Every structure is written in structure tokens, then in C-alpha cells.
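J.: Build me a model:
(one chain, ligands or ions: 1)
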Amino acid sequence: MNNNEIINQIKSELDIADVIGERVKLRKSARGYMGLCPFHSEDTPSLHVYTDTQSYYCFGCHEAGDVFSYVMKTEGLSFPEALRVLSDRAGVRLPEAGHRGTDIRGVLDLAAKFFSSNLTGPQGAAARAYMSRRSLTGSDITRYGLGYSLPSWDSLTNYLRRSGVNDRMIVDSGLAVANRNGLYDRFRGRLMFPIHDVTGKVIAFGGRLVDGEGAKYINSPEGPTYSKRNNLYLLDTARHSIRDKKRSILTEGYMDALRLSKCGFPETVASLGTSLTAEQAGLLSRYADMCYICYDSDTAGQEAAIKGMYILASHGLDVYVVSLPGESKDPDEFLCANPPEAFENALTEAKPLVIKHLEFLKPRLDDQRTRRSALSELFGALRTLDIDDVLRHKGSISYATLLPSEAIEQYIISGRPPKTKPRPQKPASFVIKSADLGYDILEAAMCALLFKNRECRLKFTLEDAEKLLHSDITFETAAAILSSNPEDLYTLWRTSGDDDKLAMIYNGEELLRRMLRMDVEEKFSRTYCRLMWKSINRRIKEIQSMPFDDRDYKELSRLYKEREHYHL
Ligand SMILES: [Zn+2]
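T.: Take a look at the predicted model:
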């Protein structure tokens with residue numbers, strides 16, 4: 001079967017009305033059913049489900065599609081993930097590479113069941129005692145699929161062999177290790193945490209030592225079904241809560257995530273390795289933009305941890321760092337000693353990543369010997385963020401670095417760390433000039449927008465250019481773009497050696513690239529507003545610098561009013 005045939009077969013096995021009807025109350029209509037639309041909020045039904053074409057359409061918000069797009073949109077799944085969910089539901093087997101992925105998932109499922117029955121059975125007494133010491137209950141076993149690997153070298157391997165799994169599959173699934181004498185179980189005497197992919201399939205295990213000696217935690221190795229960078233512990237169940245609450249909470253360990261989830265924070269997930277990845281940022285941002293990071297108190301301030309948080313932030317998440325008050329070293333411990341409200345308070349007091357980073361760097365910023373490296377670390381990190389997110393914290397950055405706020409803005413916009421040695425005692429004497437580049441980088445961004453986008457050219461006039469672009473190079477470039485064809489210009493500049501115009505446009509593009517969450521239209525209006533603001537400011541300063549009698553107060557008040565209009 002090819003892909004299309006599989007999709008068609010799944011569609012023919014399922015009824016879209018059943019799938020939608022699971023969450024949406026449907027009532028019969030002429031061509032099928034109707035109900036309250038899950039894509040927008042409404043009191044009267046405008047979602048129509050057509051059984052003849054197996055499709056849906058909302059007359060309110062115009063969402064439309066088939067059973068695949070419905071599951072992708074409502075569950076926040078990618079197409080391959082939706083395919084897996086729906087193929088399971090339809091009982092259609094997917095042709096994965098040699099069935100290997102599917103078979104390994106089957107083995108992991110068997111293992112999860114085996115571990116669970118160990119935990120509830122007579123051999124699980126030690127693990128259950130450990131659980132009760134950690135205030136975990138019987139219902140957590142079912143809810144989180146917990147299990148117990150027996151303190152034996154081959155109980156799981158033998159069980160899997162008896163169930164017809166061959167040795168190679170057992171090794172490939174990461175559950176056993178091969179040596180000269182054969183196979184031995186990887187997990188022995190551990191409380192087992194199954195790790196699921198976003199669709200809820202077991203893809204790996206983490207194991208916490210219950211008694212005796214050995215590493216506190218061990219995990220499945222990466223393999224055909226499991227890669228740490230692409231998954232988050234508990235995401236399969238947390239994703240609905242993350243969407244409802246519009247925030248995620250990220251912890252380091254399984255126990256932390258499980259504890260939070262249990263104590264009324266089901267929007268919690270745990271990272272599965274030490275460093276956070278772009279893929280994990282992508283997974284989280286599917287459901288909500290806000291992410292609260294709650295690490296162990298000794299990790300949260302580490303350089304590596306902060307770097308990881310910047311990875312999340314640079315992929316569009318609003319990152320807040322939670323500090324736990326008191327003695328507790330991790331969220332698990334904190335919630336064993338404090339009520340959930342105390343944790344909610346800690347969330348309210350969480351600090352934006354930039355602020356947390358400033359606090360972390362403060363001692364180094366204040367010491368002349370380390371100041372330079374701290375500044376370059378700070379500005380290097382800020383450069384990866386959305387420019388608006390950084391500008392929001394301009395005041396705090398200025399306060400912590402003892403640099404004047406204009407200098408901060410210039411660094412942030414141009415991305416250049418300070419060249420001159422700053423003198424913290426006299427901050428006002430240290431001002432970075434935009435003369436570094438010879439033009440204002442915002443003006444370059446406008447040129448880049450005009451150069452690349454026809455719709456921007458239609459919205460920008462020569463008059464705008466005269467008013468907003470103050471250096472020769474940006475004005476001339478914009479004027480040329482507005483009066484001719486960018487492709488011709490490109491060739492002309494290239495061949496006539498006018499490379500500095502192209503270099504200027506390139507610098508402007510760099511800035512635009514950092515407006516992470518914006519489309520071209522937004523980038524244009526942001527840049528336009530900021531230039532207007534600057535231009536009006538310039539005029540205000542001009543008037544203010546005039547002798548008292550000559551000042552035009554009427555114009556001043558008009559300018560103040562006009563400037564408000566462009567405030568971001
Ligand atoms: Zn709708």
C-alpha cells in the first residue's frame with residue numbers, strides 16, 4: 001500500500017462524526033451533524049459535519065477539513081503523529097521500515113505490562129514501600145503507568161523470550177544488554193517510569209533505583225523509537241492541559257514532573273537530557289507560548305542550564321525561571337513540604353529569563369576583571385532572542401550593566417558588544433554611536449523590507465523615506481528601490497561595486513530575522529513605527545534645544561501626542 005491508499009483506507013474505516021463526536025456534542029442535521037465549534041468559542045452551533053464527504057466546515061470561523069486535519073488541529077499533532085493515532089483507531093497497520101519500529105513498540109508495550117504487574121504483585125513489596133515513602137499511591141501506578149523491574153539479571157529477558165520475542169529485538173528495544181554470556185536485563189530493582197511519545201505510545205523507560213547500590217537513575221539508550229531531543233516526559237498527557245492553561249512547566253526529573261502533575265499542575269513535562277533542544281521548544285510551542293522552567297535549585301543558575309533556556313526562548317517561547325523559596329532543592333521536595341498554592345505563588349514570582357540571567361551575571365559584571373567576558377556573554381545570548389523581548393528589559397539591562405539605556409538599545413539592535421571599555425562610575429560618559437555602521441540599523445531593516453517585498457514597497461513612499469531615513473546610504477538605497485526594479489538593482493550594485501548597499505541591506509535582514517514571531521506585515525509596521533518614533537523624538541529634541549523664547553510649545557505638544565501613536 002502506498003501512502004494515499006493507507007490514508008484512504010483509514011478514512012473508510014473511520015466515521016468522522018464518531019471522531020469529532022468524542023469531544024463535541026453533535027446533533028443530527030440535513031447532511032450530517034452540527035455542534036459547537038472547537039476552533040472558536042460560540043453559544044450556537046456553527047460546526048457542520050458532513051458524513052457524505054467525511055468533512056467538516058465551520059460557518060463561524062471557516063475552519064474546514066477532513067478527519068486528519070481535525071485530529072492534527074485539535075490534538076496539536078504533526079501529520080505522521082495523527083496518522084499513527086488514526087491508524088491505530090482504524091486498525092490499519094502502517095508499513096514502517098521492515099516493521100522494526102512497530103515491533104519494537106510492541107516489545108516496549110509488553111515490557112511496560114510486565115513491569116506494572118511486578119509492581120502490583122507479591123514481588124513488588126519493596127518498590128511499593130519506596131513509593132509510599134515518596135507519597136505515591138496505587139492510583140499513580142495506573143495514571144502514570146509506573147512499574148517495577150525485579151532485582152534479577154534475566155526476569156524481563158526470559159519473560160520476553162517466552163512471549164516469542166527474539167534476542168535481537170530485545171537488545172534493539174534497549175531493555176537488555178548483550179555480553180559474552182548472553183543477555184542481561186538493563187533495568188534491575190528499579191521503579192520504572194515509561195516514557196511515551198506525544199501520541200501516548202511507550203518509547204523508552206527511565207528507572208529509579210529502589211534499594212541498594214548503583215546509579216540513582218538510568219534510562220533507555222536512544223534507538224529506533226527513542227531520541228531524547230525529540231521527546232518530553234509526560235507530554236502525551238500534559239499537552240491538553242498546556243493548551244487549556246496556556247502555559248507549560250518544565251522540570252529536570254521524572255519525579256519532579258510526576259509530583260507537579262499529581263499536585264494540580266498537569267501542564268508539567270520533564271526534559272529527558274541535560275540540554276534542551278530546538279525540537280523540544282517546537283513541541284512545547286505547539287500548545288502554548290509560555291514556559292515556566294523549574295529546575296533543581298543548584299542547576300537553575302548554572303551556565304549550561306541558562307544556555308538551554310535561551311534555546312527555548314530563541315525558538316519563540318516566553319521563558320520564565322521559577323525559584324523555589326525555602327530549603328527545598330527540587331520541585332518534588334518542595335511539594336512534599338508545601339501546599340500547591342505555595343507553588344502557584346512561586347510561578348507568579350517567576351522571573352523572565354533575561355532578568356534571571358542578569359542576576360546570575362551580576363557578580364561578574366560588577367568585577368572589573370570579569371566584566372568584559374560577562375558583557376559579551378550577555379549580549380551574545382540576547383542576540384539570539386526576539387528583539388522586542390529584549391527591548392522590554394532595556395531598563396533592567398541598563399541597571400545591571402551600568403550602561404546607559406541608549407547604549408543598550410544600540411547594542412541590542414546592532415548586536416555589537418561594547419568596543420570601548422565602559423566606565424561604570426560614570427555611565428553617562430559611555431555612549432555607543434550608531435556611527436559604528438554609518439547608519440541606523442533600523443533604517444537598514446526598512447531598506448531590506450523594501451528590497452525583498454513588493455507589498456512593503458506599495459506601503460512606503462518617497463516622502464516616508466525623506467522623513468524616516470536619515471543617512472545618505474539608507475535614503476539613496478530606498479529611493480532607488482522605490483523607483484526601479486530590485487532585481488535590476490541587485491545586478492547593478494553587484495557589477496558597479498556598490499557592495500556597501502547590499503551589505504547594508506544584509507545587516508538590516510539580520511535584524512529582521514530576529515523578529516521571531518512576526519510575518520512580513522508585522523515586521524514592516526514595527527519597523528515603520530519605531531522609525532517614526534525616533535524621527536519624532538529627534539524633532540522634539542531639536543525644539544527643546546532651542547532657546548526658551550523660540551521654542552514652539554504648540555508643535556511640541558502636537559509632537560508628544562503624535563509620538564504616543566507610534567509607541568510600541
Ligand atoms: Zn469555528
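J.: Work out for me the element the nearest residue to F343 once chain neighbours are set aside sits within.
T.: Counting by CB to CB, 6 or more residues apart in numbering, L335 is the residue found nearest to F343 once chain neighbours are left out, at 6.1 Å. For the C-beta atoms, the positions are set from N, CA and C on the backbone; glycine is no exception. Per DSSP states H and E: L335 is located in helix 331-337.
J.: Spell out which residues of the stretch 401-550 of the chain are next to the ion.
T.: For the stretch 401-550 of the chain, no residue is in contact with the ion (CB under 5 Å from the ion).
J.: Do a quick rundown of the helices in the stretch 401-550 of the chain.
T.: For the stretch 401-550 of the chain, helices defined by DSSP state H, counting those that start in this stretch occupy the ranges 405-414, 441-452, 454-459, 462-468, 472-483, 486-495, 499-513, 520-544.
J.: Tell me which of the ones you listed sits most buried.
T.: Neighbour counts (mean count of other CB atoms under 10 Å) averaged over each of those peak at helix 441-452, with a mean of 25.
J.: and the angle from that helix to helix 520-544?
T.: Using axes from the mean of the first three to the mean of the last three CA atoms, to 10 degrees, one finds that helix 441-452 and helix 520-544 are set 140 degrees apart in direction.
J.: chain center to helix 441-452, what's the gap?
T.: Helix 441-452 has its C-alpha centroid displaced from the chain centroid by 28 Å (CA atoms, centre = their mean, to the nearest Å).
J.: hey, C-alpha coordinates of the helix holding L335 in PDB?
T.: The C-alpha trace of helix 331-337 is given here as PDB (Å, rounded to 0.1, in the frame of the first residue of the first chain):
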ATOM      1  CA  PRO A 331      10.000  20.800  43.000                       C
ATOM      2  CA  ASP A 332       9.300  17.200  44.200                       C
ATOM      3  CA  GLU A 333      10.700  18.000  47.700                       C
ATOM      4  CA  PHE A 334       9.000  21.400  47.700                       C
ATOM      5  CA  LEU A 335       5.600  20.000  47.000                       C
ATOM      6  CA  CYS A 336       6.000  17.300  49.700                       C
ATOM      7  CA  ALA A 337       6.600  20.000  52.200                       C
END
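J.: Can you name the residues in contact with stretch 237-244?
T.: Here stretch 237-244 makes contact (CB atoms under 8 Å, 6 or more residues apart in numbering) with 75-76, 196, 198, 200, 248, 261, 266-269, 284, 286-288.
J.: one more time with 7 Å, if that's ok
T.: Stretch 237-244 has contacts (CB atoms under 7 Å, 6 or more residues apart in numbering) with 76, 198, 248, 261, 266-269, 287-288.
J.: Could you identify the least confident member of those residues?
T.: Ranked by pLDDT, those bottom out at G76, which has 83.
J.: Quick one: neighbours of the nearest residue to it once chain neighbours are set aside, just the number.
T.: In this structure, G76 finds its nearest non-sequential neighbour in R286, 4.5 Å apart by CB to CB, 6+ apart. The number of residues packed near R286 is 16, by other CB atoms under 10 Å.
J.: Distance from the helix or strand hosting V71 to the middle of the chain?
T.: For V71, the host element (DSSP H and E) is helix 67-75. In terms of CA atoms, centre = their mean, the centre of helix 67-75 is set 21 Å apart from its chain centre.
J.: What's the first helix or strand after that helix?
T.: helix 79-90.
J.: Strands of the stretch 251-400 of the chain, residue ranges please.
T.: Along the stretch 251-400 of the chain, counting by DSSP state E, counting those that start in this stretch, strands occupy 268-270, 290-294, 318-321, 351-352.
J.: Give me the contact list for the longest one.
T.: Identification of contacts with strand 290-294 by CB under 7 Å, 6+ apart yields 246-251, 284, 309, 312, 317-322, 331, 347, 350.
J.: Which among these count as buried?
T.: Applying 16 or more other CB atoms under 10 Å to those, the neighbour count classes 247-251, 284, 309, 312, 317-322, 331, 350 as buried.
J.: Greatest separation within the residues you listed: which pair is it?
T.: Using CB to CB, these span at most 19.8 Å, a distance reached by D318 and P331.
J.: For the stretch 51-200 of the chain, what lies in contact range of the ion?
T.: For the stretch 51-200 of the chain, the residues in contact with the ion (CB under 5 Å from the ion) are 58, 60-61.
J.: got those residues as TSV, with pLDDT, neighbour count and distance to L235 columns?
T.: Shown next, in TSV, are those (pLDDT from 0 to 100; neighbours: other CB atoms under 10 Å; distance: CB to CB, whole Å):
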residue	pLDDT	neighbour count	distance to L235
C58	93	20	28
G60	90	15	30
C61	90	13	27
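J.: residues of the helix or strand hosting K561 that come out buried?
T.: Here K561 sits within helix 553-565, counting by DSSP H and E. Across helix 553-565, burial judged by 16+ other CB under 10 Å covers 559, 563.
J.: residues making contact with it?
T.: Contacts of helix 553-565 (CB under 7 Å, 6+ apart): 533, 536-537, 539-540, 543.
J.: ok, now with 6 Å
T.: In this structure, residues lying in contact with helix 553-565 by CB atoms under 6 Å, 6 or more residues apart in numbering are 536, 539-540, 543.
J.: Spatially, which two of these are the most separated?
T.: Pairwise distances across the contacts of helix 553-565 (CB to CB) peak at 10.8 Å, for the pair I536 and I543.
J.: Which strands and helices lie in contact with the helix holding L335?
T.: Applying 3 or more CB pairs under 6 Å, 6 or more residues apart in numbering; DSSP states H and E, we find helix 331-337 packed against helix 254-262.
J.: gap between the helix it packs on and the chain center?
T.: For helix 254-262, the distance to the chain centre is 20 Å (CA atoms, centre = their mean).
J.: got the contact list for that helix?
T.: Contact with helix 254-262 is made by 144, 193, 206, 233-234, 251, 268-270, 330-332, 335, as judged by CB under 6 Å, 6+ apart.
J.: switch to 7 Å and redo it
T.: 140, 144, 193, 206, 233-234, 238, 249, 251, 268-270, 330-332, 335.
J.: Just give me the closest of those residues to the ion.
T.: A238 (25.3 Å; CB to the ion).
J.: Quick check: phi and psi at that closest one.
T.: For A238, the backbone dihedrals are phi -80, psi -20 (criterion: degrees, to the nearest 10).
J.: Next up, the contacts around the nearest residue to it once chain neighbours are set aside.
T.: Among residues not flanking A238 along the chain, V269 sits closest, at 5.1 Å (CB to CB, 6+ apart). Neighbour list for V269: 232-235, 238, 248, 250, 257 [criterion: CB under 7 Å, 6+ apart].
J.: likewise L284?
T.: L284 makes contact with 248, 291, 317 under the criterion CB under 7 Å, 6+ apart.
J.: so what's L468 closest to, chain neighbours aside?
T.: L531 (4.3 Å).
J.: How much space separates that neighbour from the ion?
T.: Using CB to the ion, to the nearest Å, L531 is found at 38 Å from the ion.
J.: pretty sure that residue contacts K467?
T.: No - if you go by CB atoms under 7 Å, L531 and K467 don't touch, sitting 8.6 Å apart.
J.: rewinding a little: settle this for me: the residue nearest to F343 is touching A342, isn't it.
T.: No - with contact defined as CB under 7 Å, L335 does not count as touching A342 (8.3 Å).
J.: which stretch of helix or strand covers K28?
T.: Take DSSP H and E as the rule and K28 turns out to sit in strand 27-29.
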